[in-house]
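S.K.: Could you work out the structure for the sequence below:
(chains A and B)
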Amino acid sequence: MTRHVDTVEDAAGSPDVVQPYAELGLKDDEYARIRDILGRRPTSAELAMYSVMWSEHCSYKSSKVHLSQFGEKKPETDTLLVGIGENAGVVDIGQGWAVTFKVESHNHPSYVEPYQGAATGIGGIVRDILSMGARPVAVMDPLRFGPADHPDTRRVLPGVVAGIGGYGNCLGLPNIGGEIVFDPSYLGNPLVNALCVGTMRHEDIHLASAKGVGNLIVLYGAKTGGDGIGGVSVLASETFDADGPAKRPSVQVGDPFMEKLLIECTLEVLHAGLVEGIQDLGGAGLSCATSELASNGDGGMHVWLDRVPLRDATLTPEEILMSESQERMCAVVSPQHIDSFLAICARWDVTATVIGEVAAGDRLHVQWHGQTIVDVPPRTVAHDGPVYERPYARPEWLDALQADDPKRLARPRTDEELRDTFLRMVASPNLASKSWVTSQYDRYVLGNTVLSYPEDGGVVRVDDETGLGIALSTDCNGRFAKLDPYAGAQLALAEAYRNVATTGAKPLAVTNCLNFGSPEDPDVMWQFSEAVRGLADGCLQLGIPVTGGNVSFYNQTADMAIHPTPVVGVLGVIEDVERRTSMALRNTDDVLLLLGETRDEFGGSEWAHEVHAHLGGLPPHVDLEAERSLANVLTDGASRGLFTAAHDVSDGGIAQTVVEMASRGGHGARISVATDDAFVFLFAESTARAIVAVAAKDVESLSTLARTHGVPCARIGVVTEATRESAEAAIEFVDRFSVTLAELAKASESTLPALFG
Amino acid sequence: MSARVGVVTFPGSLDDRDAGRAIELAGGEYVPLWHGDRDLKQVDAVVLPGGFSYGDYLRAGAIARFAPVMDLVIDQAKAGLPVLGICNGFQVLCESHLLPGVLVRNNHLHFICRDQRLRIENAATAWTSDYETDQEVVIPLKNMEGGFVAADHTLDELEAEGRIVARYLDVNPNGSRRDIAGITNAAGNIVGLMPHPEHAVESLTGPGTDGLAFFTSVLKALVAA
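M.R.: Okay, here's the model as predicted:
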């Protein structure tokens, strides 16, 4: 290496060198603070580390002051084994089993490069779960795109779907659910969130900390390359080598095969008891992994950066520290275990290199060919970043938006108009069948998938012997959150909670991915603060803790921010997966009952959106006590084997719920609309509702159960025989209108293929 | 004593444990085999499982075919050892020239996962004797490179000799020639199949239990032998 590197000695001797901190995203006062901490100017390597670790993405500097509510308002619970702040929270599901789950965004990379952006989103969240000591067992993808028929959606969506499939399928993780939502607010800012869930025995929980002086820091997995360096290339080009390669790809490239080896190899070294601490490499790469391990541990660490195996020998030390090359992990291993550790890596053909050791003291030293290029207190990099109290204020436009009541919109009146609306809704991109997407994902691998998309929640068996299982659902209606972010966040929570309960599982814990516009806009910051407050209050009321989450800001183009989209994931536990409830109607003559109350609520509804392109008024009323009671009926009923099918009522109202139950089960339904206002009955989106199917002999038991919990329960129809080939009515609204299964299938199943090929 | 059925784990194998579970549900003993070992652990039959061995680099199955364990599998298969290749395993069998033809990318260029209806046309192989000839079954299919391709004269020969084990019904999901989902060698001990019978062994986690008979077939064949 002949190129001159900026050493700590250089930095001490040249305080006046002008550094490109602004290009790296640091503000004047942030740069000044780094100089204060170090008592000198930072070296270029230190500057790179601080800039990326103090970025919004890594430091949560705008959101921290609000997110603390999730801890402050945490409900009394003994289910949390590991709380917020680690790579992912860990929940006790009983029988000695623990579950860890988390959802993260990969929005911006997926817009720039849909396939790799979405693929590496899966890769990153899987490593988060793995680094807790868990075997990843399933993934889910909440996705949002611009209008379905917009050319840019046609560019982004197929690539995102292929990337999720290409990575997840090759990794061997079943994709058990998620969401696909189209709305103009996401044009130019698609949301690609990825959730992973993993399982482990209690004793296998591992944490990211580097303790024990003399223990070794091992980097293992893929070699480090020039991908994902992004903004740090300013350092290379401006400070050192103006003629060097000007642009490096800012989106990382994934190799799911290497990740699969990394999973198997990591689980083997963990189970062999060879690991003291472990950390995945994701955003900010080695900068993050080394500073967090040291900061969480004793504080001292020594790293020989020139030992890092490279794919590209021309990388500068700053770039190596920043590189977000995928499929890498860092482990802390004691000297007596290092040979066994390296042997297991070799067996899996995984490159492993000792790049450092836990050192005495409380400084992180990084050396490059014998010269010290980083000498910092690791806590100042990893945990003591800047914190901002961004100004926020209720937007001035909100009153006008909420006053624009959907009651002014023309409603279908005649039976013919109702039928037309019914079929139009079924065929709308948001309600149509998503099988064009989900058939590109492997839902079978690992052999434990009990329910998957389009069911209300994904259900996975955890223990073959006992039948213990988990259920998961992610939900959010951004339109509701736009109308009222506090209520919108609670509605997202309510829907995910209800979906989990509908499968028969008891809701236990919450994760979230908070997608918003720019935190520098007081309107957006107000939406954010309200959503966090709503979610924290809601979780407290429902008694289920937030275990962790992710914030994605800056989802906006110029002044146009996305709808506030606090995606909420709820995890539930089911004692015996044989008792799960599917949405599919199975038995002719079963009775259909509606649980809950229907009101004239259309603010932010799918009908207003699809038919009138309208967004205004107030979202449906939130009643978390009613949600809790409904969940109790659904889980009690499931454990007693009362239901032959159940499905929650949400987007598109009762009409859509019945359509999905019938299509899924290859049966029909004859529904009596026992109200004068068939339109409200069919399409209103009141919350805390579900439709259940029970055998005629069980109707009385169910009615009693519902009464006990104070849940309104009304008989609305029966399950009928139907086949796709038959011209007979499959769904009949008595005395109003009917449709055949063939008509439904045509309406529902041709929309996405027609748009995306 | 139950028969011992080995399942090879290559780097990138994904459905190896699932095949093991299917063997156990069928009443056999699941014996994990490692790609790098020249040791078949005295198993009575071998399953080459689904997945993306070696990341499907070069060509699906092309590198796995050269794994040390495959030398033994190839030799013993030629001597009559029952071998079932599922999905990626089918690709490995073709690359090993234990079966004719090759599997190419789906004609629609998307990965496809669906519950597929099949007709079992040859119920006389080591892996299908528990089916009735022309029995119709539903078994999950999930692949990217699932289109079976061979020269016309090879296809004619396979048909004339009754070596088409299974064909797709309703829709051809990947562009396979003549709707072929699985084939066998002349002796009937080696079967390659694109759909995944190990994912249709429990009604809880699959579309049904139609796949179980692949595994009970071989166990019965071994007991009879």
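S.K.: Point out where the chain drops to low pLDDT.
M.R.: Using chain A. For chain A, the stretches with pLDDT under 70 are A:1-3, A:84-87, A:230-250.
S.K.: oops, chain B please
M.R.: Applying pLDDT under 70 to chain B flags the ranges B:1.
S.K.: Just give me the neighbour total for whichever residue of it sits closest to chain A.
M.R.: Proximity of chain B to chain A (Cβ to the nearest Cβ) peaks at residue B:55, 2.9 Å away. C-beta here means a position set from N, CA and C on the backbone, and glycine is covered the same way. Neighbours of residue B:55 under the rule other Cβ atoms under 10 Å in any protein chain shown: 18.
S.K.: go on, residue A:373?
M.R.: Residue A:373 has 26 neighbouring residues, counting by other Cβ under 10 Å.
S.K.: Run through the neighbouring helices and strands of the helix or strand containing it.
M.R.: Element membership for residue A:373, per DSSP states H and E: strand A:371-376. Judged by 3 or more Cβ pairs under 8 Å, 6 or more residues apart in numbering or on different chains; DSSP states H and E, the packing partners of strand A:371-376 are helix A:8-13, helix A:28-38, helix A:44-53, strand A:364-368.
S.K.: Can you tell me which of those is nearest to chain B?
M.R.: Across the helices and strands packed on strand A:371-376, closest to chain B is helix A:44-53 (Cβ to the nearest Cβ), at 29.6 Å.
S.K.: residues making contact with that closest one?
M.R.: Residues outside helix A:44-53 that contact it (Cβ atoms under 8 Å, 6 or more residues apart in numbering or on different chains) are A:5-6, A:11, A:19, A:21, A:24-26, A:30, A:34, A:38, A:42, A:58-59, A:231-232, A:235, A:239-240, A:283-284, A:287-288, A:291, A:317-318, A:321-322, A:366, A:368, A:373-376, A:381-382, A:385.
S.K.: among the helices and strands packed on strand A:371-376, which is nearest residue A:678?
M.R.: helix A:44-53 (57.2 Å; Cβ to Cβ).
S.K.: Would you format the helices and strands packed on strand A:371-376 as JSON lines with mean neighbour count included?
M.R.: Listed next are these as JSON lines, based on neighbours: other Cβ atoms under 10 Å in any protein chain shown:
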{"stretch": "helix A:8-13", "mean neighbour count": "17"}
{"stretch": "helix A:28-38", "mean neighbour count": "15"}
{"stretch": "helix A:44-53", "mean neighbour count": "27"}
{"stretch": "strand A:364-368", "mean neighbour count": "24"}
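S.K.: So what does the residue of chain A found nearest chain B have for phi and psi?
M.R.: Going by Cβ to the nearest Cβ, chain B is nearest to residue A:257 of chain A, at 2.9 Å. Torsion angles at residue A:257 (phi, psi; degrees, to the nearest 10) stand at phi -60, psi -50.
S.K.: tell me, how many neighbours does residue 213 end up with?
M.R.: Going with chain A. By the criterion of other Cβ under 10 Å, residue A:213 has 13 neighbours.
S.K.: not what I meant, chain B
M.R.: Neighbour tally, residue B:213, other Cβ under 10 Å: 24.
S.K.: How about it: what's its closest non-neighbour residue?
M.R.: residue B:130 (3.9 Å; Cβ to Cβ, 6 or more residues apart in numbering or on different chains).
S.K.: That neighbour and residue B:209 touch, don't they?
M.R.: No: between residue B:130 and residue B:209 there is no contact under Cβ atoms under 8 Å: 11.8 Å.
S.K.: More neighbours: these two, which one.
M.R.: Neighbours per residue (other Cβ under 10 Å) separate residue B:130 from residue B:209, with residue B:130 holding more: 19 against 16.
S.K.: I'd assumed the more buried one was in a helix, is it?
M.R.: No: Residue B:130: not assigned to a helix; according to DSSP: H, G, I helix; E, B strand; the rest coil it is coil.
S.K.: ok, now which ones touch it?
M.R.: B:123, B:213-214, B:216-217, B:220.
S.K.: Next: residue A:489.
M.R.: Applying Cβ under 8 Å, 6+ apart, the residues near residue A:489 are A:481, A:530-532, A:534-535, A:538, A:566, A:568.
S.K.: Could you rerun that using 7 Å?
M.R.: Contacts for residue A:489 were tallied using Cβ atoms under 7 Å, 6 or more residues apart in numbering or on different chains; they are A:481, A:531, A:534-535, A:538, A:566.
S.K.: Please save the CA atoms from the host helix or strand of it in CSV.
M.R.: Using DSSP H and E, residue A:489 sits in helix A:485-502. Below are the C-alpha coordinates for helix A:485-502, written out as CSV (Å, rounded to 0.1, in the frame of the first residue of the first chain):
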residue,chain,number,x,y,z
PRO,A,485,-52.4,9.5,12.5
TYR,A,486,-53.2,8.7,16.1
ALA,A,487,-56.3,6.7,15.2
GLY,A,488,-54.6,5.4,12.0
ALA,A,489,-51.8,3.8,14.0
GLN,A,490,-54.3,2.2,16.4
LEU,A,491,-56.4,1.0,13.5
ALA,A,492,-53.3,-0.7,12.0
LEU,A,493,-52.6,-2.3,15.4
ALA,A,494,-56.3,-3.3,15.7
GLU,A,495,-56.3,-5.0,12.3
ALA,A,496,-53.1,-6.9,12.8
TYR,A,497,-54.3,-7.9,16.3
ARG,A,498,-57.7,-9.0,14.9
ASN,A,499,-56.1,-10.9,12.1
VAL,A,500,-53.9,-12.9,14.4
ALA,A,501,-56.9,-13.7,16.7
THR,A,502,-58.9,-14.7,13.6
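S.K.: any idea how far residue A:405 is from residue A:601?
M.R.: For residue A:601, the distance to residue A:405 (Cβ to Cβ, to the nearest Å) stands at 11 Å.
S.K.: So for these two, which residue has more residues nearby?
M.R.: residue A:601 (20 against 13).
S.K.: Spell out which parts of chain B neighbour chain A.
M.R.: B:11-12, B:14-15, B:18, B:21, B:51-52, B:55, B:110-114, B:140, B:142, B:196, B:199, B:204-205 (Cβ under 7 Å from any Cβ of the partner chain).
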